[in-house]
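> Here is a sequence with its predicted model. Questions after.
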Amino acid sequence: MKKLTRCLTLLSLASTLLAQPSTAVEKSQIITYPFPEGLPASERFHVSVDGQPVFTHATEVADFAMFAIRGPVQVAVACDQPVVSAVVRPRSRNSVPRWEENTVRFTVEHPGPLSLEINDKIRPALLLFIDPPEESVPPPDAPNVDRFAGGKVHEAGEIRLSSDQTLYLEPGAVVRG
């Protein structure tokens with residue numbers, strides 16, 4: 001009888017534990033990229049992801065930021081003007097923006113490109129190029145790999161590759177060709 005009681009107690013405990021909802025939450029991760037000093041930084045937008053500042057590059061057409069994530073992250077964008085409306089596209093990503101004064105906040109669930117339009121203006125937009133973390137980086141001494149280091153500007157000119165070569169741009173590399 002003692003053995004049966006102990007077995008029933010263990011079964012009851014196991015079924016109780018298995019019936020509990022999982023409290024494990026996927027831990028988010030943000031990987032920022034090293035961009036070269038001297039690139040024009042945006043004066044219109046300042047991006048941070050989970051509290052980490054992300055370099056935001058300025059161009060004539062749009063400003064952009066690039067980074068990698070694993071899991072959901074919180075994006076905050078400080079704007080150079082008061083925000084009265086904000087749209088995150090594509091809308092199918094369900095990143096619903098909230099804004100207060102000059103700051104827009106929204107959640108990004110997974111990698112993929114997004115654009116943020118402020119005050120019903122398509123230009124200048126903020127483009128966010130959100131990558132997954134790299135999984136298969138070629139080793140530095142890999143044969144037949146032309147590598148452009150991150151955090152540097154490369155004046156490459158014309159790039160010609162043969163069929164057995166790989167061109168690898170490290171995150172944050174700027175290649176002009």
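Good, I have the coordinates.

> Low-confidence regions, the protein specifically.
The model of the chain has pLDDT under 70 over residues 1-26.

> The residue nearest to L127 when sequence neighbours are not counted - how many residues pack around it?
Closest residue to L127 apart from its sequence neighbours, by Cβ to Cβ, 6 or more residues apart in numbering: F64 at 4.0 Å. Using the backbone N, CA and C atoms, a C-beta is placed for each residue, glycine as well. Residues lying near F64 (other Cβ atoms under 10 Å) number 20.

> can you check R44 too?
The burial count for R44: 17, using other Cβ under 10 Å.

> now swap in the one 5 residues further on and tell me
V49 is surrounded by 23 other residues when neighbours are defined as other Cβ under 10 Å.

> partners of it in the sheet?
Beta-bridge partners of V49, counted by DSSP bridges, are Q52, V75.

> so is S92 in a helix, a strand, or just coil?
helix (DSSP: H, G, I helix; E, B strand; the rest coil).

> Provide a list of residues in contact with it.
Counting by Cβ atoms under 8 Å, 6 or more residues apart in numbering, S92 makes contact with nothing.

> Could you confirm the residue nearest to L127 falls within a helix?
No: counting by three-state DSSP, one finds F64 to be strand, located in no helix.

> Go ahead and confirm it touches L126.
Yes: counting by Cβ atoms under 8 Å, F64 does reach L126; the two are 7.0 Å apart.

> Pull out the buried positions in the lengthiest strand in the chain.
Across the chain, the longest stretch assigned as strand under DSSP state E is strand 121-131. For strand 121-131, the buried set under the neighbour-count rule, 16 or more other Cβ atoms under 10 Å, comprises 124-128, 130.

> for stretch 105-117, same thing?
Neighbour-count burial for stretch 105-117, counted by 16+ other Cβ under 10 Å, picks out 106-108, 114, 116-117.

> Once you drop chain neighbours, what's closest to P40?
In space, and not counting its chain neighbours, P40 is closest to A58: 4.4 Å by Cβ to Cβ, 6+ apart.

> Would you check how far apart that neighbour and S92 are?
Counting by Cβ to Cβ, to the nearest Å, the gap from A58 to S92 is 28 Å.

> quick one: buried residues of stretch 48-67?
For stretch 48-67, a neighbour-count test (16+ other Cβ under 10 Å) marks 48-49, 54-57, 62-67 as buried.
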